[in-house]
Structures are given as structure tokens and as C-alpha cells.
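# quick one: sequence and predicted model below, then my questions.
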Amino acid sequence: MTAEELFEEGAFLLFKRQFDQALEYLNQALEKDPQMVRALHARAAVYMHYERFDEAERDLKQALELEPDNARLHFRLGQVFYRKKDLEKALNCFNKAIDLQPLYAAAFMARSQVYRDMGEEELADIDLDKAVAVQKATAQAKKIVDF
């Protein structure tokens, strides 16, 4: 199987929440192509499921070296830092994700939670409102485009 085929099988197994099998395929894909960002990202998701946060962080940082402007990678790394209780680093990652993709509702939601955990209730509420507004605008745009 090619690296791409191994990745696709691993991603499918990840979607089905068959984490052990997904990890096997993703590892094989990365053996064939160590710079496959999608496989690094997917493997990080598996590691997060198993609370292997240092390994998830390593994969995401490697992926970000290859794609530094990938908002989803910054978001996912923020999730890792949040789960590791490093709120400052999580906040920085969510900020970067929003800077790169200003309509990233999930990043606003995540940043809202970080602010709330930091005791910044007003900032948390502002971000929560932004997340809702972005979701509404996105849904409205889909209606127009998809009519």
C-alpha cells in the first residue's frame, strides 16, 4: 500500500473510533512518508484519545514545521496544551488559529473556555458570542450557496 492508502485507511478507522488499528495504519503511512501532515495530524488525534499528550504535541509541532499557516494544526495544538493545563500556550495557539482563519468558530469556543478558566469572564463571553455569530453567518452563507 502507498502512504496515501495507508493514511486513508487509518483516517477511516479513526473516524470509526478504532484507535489501535488507526494508529497502526498511520504509523505505517508515516514510515513511508514522514512529512505527511495529514497523517501527523490524525496520529496526534489518536494520541490525544489515549491522553498521550507529549506525543500528540510532538506530531503537531512537526506538522506545523511543514505547514506553519495551517489553522487546524494550531487549533489542535491548543487543545493539547489545554489538556496539559498550560493555558498560556493554549491561548497562544487558539489566537494563532483565529489570526489565520478569522471565521474559525471552534477556535473562538476553545479560546472562550481558556479565558473562563483564567477568570476572564468578560473575554470568555465575548468569544462565545463571536463563535455563535460566526456559526450563524456560516450557516446563512451555506443556505445562499447551496440553495
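Nice, thanks for sending it over.

# and the pLDDT at residue 141?
On pLDDT, residue 141 comes in at 61.

# make that residue 42, sorry
Residue 42 carries a pLDDT score of 98 in this model.

# next one: residue 35
On the pLDDT scale, residue 35 gets 96.

# over to residue 138?
76.

# for the most centrally placed residue in the chain, helix, strand, or coil?
Residue closest to the average C-alpha location in the chain (Cα atoms, centre = their mean): residue 76, at 2.6 Å. Three-state assignment for residue 76 (DSSP: H, G, I helix; E, B strand; the rest coil): helix.

# residues touching the closest residue to it other than its chain neighbours, list them.
With Cβ to Cβ, 6 or more residues apart in numbering as the criterion, residue 76 has its nearest non-adjacent residue at 5.7 Å, and that residue is residue 60. All C-beta atoms are positioned from the backbone trio N, CA, C, and that covers glycine. Residue 60 makes contact with 40-41, 44, 73, 76-77, 80 under the criterion Cβ atoms under 8 Å, 6 or more residues apart in numbering.

# again, only this time at 6 Å
Neighbouring residues of residue 60 by Cβ atoms under 6 Å, 6 or more residues apart in numbering: 44, 73, 76-77.

# the domain parsing of the protein - what is it?
Split into domains by automatic domain parsing, the chain comes to 1-68, 88-147.

# give me whichever of the ones you listed is most buried.
Neighbour counts (mean count of other Cβ atoms under 10 Å) averaged over each of the domains of the chain peak at domain 1-68, with a mean of 18.
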